[in-house]
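Student: starting from these lines, generate the structure:
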Amino acid sequence: MNAPEPKQVHYHKKARELELSYADGSHYRLPVEYLRVYSPSAEVRGHGGETAVLQVGKKDVGLANITPTGRYALKLHFDDGHDTGLYSFTYLYELATRFDTYWADYLARLEAAGASREPLGIEIRQL
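Tutor: Residues are numbered from 1 along each chain as shown. Below you'll find the predicted structure:
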């Protein structure tokens, strides 16, 4: 899939959504939780095969920072400390255009594992 480069990237902090706008007028608002659980990092995806790690308790995760990487990717710094993995523009476009399918799959995997989107324990944030 050859994806366009976003014309604009905007983080809606209160809604915890990353908005991607493209030159053709299309735009997508992706929940940060969705971006976190589909991180392209080896920590989440594993090292091939069945080694992917189901991410749980990420409902309230937000972004602490966004760093452009060249003209091909973004590095997302999540407020839960996760900041590995580069989100190529191709991967972001894939996540945006396949949101419904990927999100339904994630929810089904959570249910099958008896896991929850809700954070475990007390959340402590740095001031």
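
Student: any idea how far the residue most central in space within the chain is from Tyr91?
Tutor: To find the centre residue of the chain, average its C-alpha atoms and take the closest one (C-alpha atoms, centre = their mean): that gives Leu35, at 0.8 Å. Using C-beta to C-beta, to the nearest Å, one gets 10 Å for the distance from Leu35 to Tyr91. Any C-beta I mention is one placed from the backbone N, CA and C, and that applies to glycine too.

Student: now do Val37
Tutor: In this structure, Val37 lies at 14 Å from Tyr91, with C-beta to C-beta as the measure.

Student: list the buried ones in the lowest-mean-pLDDT helix or strand in the chain?
Tutor: Each helix and strand of the chain was given a mean pLDDT (mean pLDDT, DSSP states H and E); the minimum falls on helix 42-45 at a mean of 82. If you call a residue buried by 16 or more other C-beta atoms under 10 Å, then helix 42-45 has these buried ones: Val44.

Student: any idea which helix or strand comes after that helix?
Tutor: On the C-terminal side of helix 42-45, the closest following helix or strand by DSSP states H and E is strand 63-69.

Student: which elements pack onto that next one?
Tutor: On a contact count with 3 or more C-beta pairs under 8 Å, 6 or more residues apart in numbering; DSSP states H and E, strand 63-69 meets strand 8-12, strand 73-78.

Student: from the contact counts, what lies against the first one?
Tutor: Read it as strand 8-12. strand 17-21, strand 63-69.

Student: for Tyr28, find the nearest of the ones you listed.
Tutor: With C-beta to C-beta, the closest approach to Tyr28 among the helices and strands packed on strand 8-12 belongs to strand 17-21: 5.1 Å.

Student: ok, back up a step: any idea which of the helices and strands packed on strand 8-12 is most buried?
Tutor: Among the helices and strands packed on strand 8-12, the stretch with the highest mean neighbour count (mean count of other C-beta atoms under 10 Å) is strand 17-21, at a mean of 19.

Student: buried residues, whichever helix or strand comes after it. List them.
Tutor: Once the chain leaves strand 17-21, the next helix or strand it forms, by DSSP H and E, is strand 27-31. For strand 27-31, burial by neighbour count (16+ other C-beta under 10 Å) applies to Tyr28, Leu30, Pro31.
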